[in-house]
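Chemist: sequence plus predicted model, see below.
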Amino acid sequence: MRRRGVSAGTLDVPSADPGGPSDAPAQPLPTPPAPVRLQTEFTFHLPRGYVDEDGTVHREGTMRLATARDELAPLVDLRVKQNPAYLSIVLLSLVVTRLGTITQVRAEVVERLFASDLAFLQDMYRRINAEGHTLAEVTCPSCETVFEVDLAGGVPGES
């Protein structure tokens, strides 16, 4: 019986063939799978749009996935403690990263949204954070083309 020994950074491994090294070509190592990319930002188009002090309408925006901190931070906010309904306002102000040309969306901006736009953003938040992945790969029975469909009924961010 031959023992394995380590010397000068190499591992002495016994050969499978007791007569010497094999002349067979080495098998290629399998390629590792491609890294999975997680979509963390979603664009949207508000049904009505936010109207700023100058009268400019902002409809296009971006919402990012919420973190655990985003979910916990509003719970210590005094406005939420006084009025629990304010929770969604604070939460949306944390995860909406852009609204038109506004890059720092504050609670005051979310407060001034039309009710239909607020409901739209609340629904989008729920879809991208609570429900998770809603895409399924399907094959057309006629042409056998493979494509993805959203089982939630639409693309997040579209009105």
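Modeler: Right, received. Where do you want to start?

Chemist: rest of the way, CA atoms for contacts and neighbours
Modeler: Will do.

Chemist: identify, by residue count, the longest strand of the chain.
Modeler: What stands out as the longest strand in the chain, according to DSSP state E, is strand 41-51.

Chemist: mean confidence for the next helix or strand after it?
Modeler: Tracing the chain C-terminally past strand 41-51 and defining elements by DSSP states H and E, one meets strand 57-64 next. Strand 57-64 comes out with an average pLDDT of 97.

Chemist: helices or strands next to the longest strand of the chain in the packing?
Modeler: When contacts are defined as 3 or more CA pairs under 8 Å, 6 or more residues apart in numbering; DSSP states H and E, strand 41-51 packs onto strand 57-64, helix 115-129.

Chemist: tell me which residues in that strand are buried?
Modeler: 42-47, 49-50 (16 or more other CA atoms under 10 Å).

Chemist: chain center to that strand, what's the gap?
Modeler: Shown here is strand 41-51, whose average C-alpha point lies 18 Å from the average C-alpha point of the whole chain (CA atoms, centre = their mean, to the nearest Å).

Chemist: what mean pLDDT does it have?
Modeler: Averaging pLDDT along strand 41-51 yields 96.

Chemist: what lies in contact with it?
Modeler: Contacts with strand 41-51, where a contact means CA atoms under 8 Å, 6 or more residues apart in numbering, come from 56-65, 109, 112-114, 116-117, 120, 156-159.

Chemist: so where's the chain uncertain?
Modeler: Of all residues in the chain, those with pLDDT under 70 make up the ranges 1-24, 131-136, 150-159.

Chemist: run the last query once more with 50
Modeler: By pLDDT under 50, the weakly predicted segments of the chain are 159.

Chemist: from the centroid of it, which residue is nearest?
Modeler: Closest residue to the average C-alpha location of the chain: residue 40 at 2.8 Å, with CA atoms, centre = their mean.

Chemist: residue contacts, that one?
Modeler: Under the criterion of CA under 8 Å, 6+ apart, the neighbours of residue 40 are 64-65.

Chemist: which phi and psi does it have?
Modeler: The main-chain torsion angles of residue 40 are listed as degrees, to the nearest 10 and equal phi -110, psi -10.
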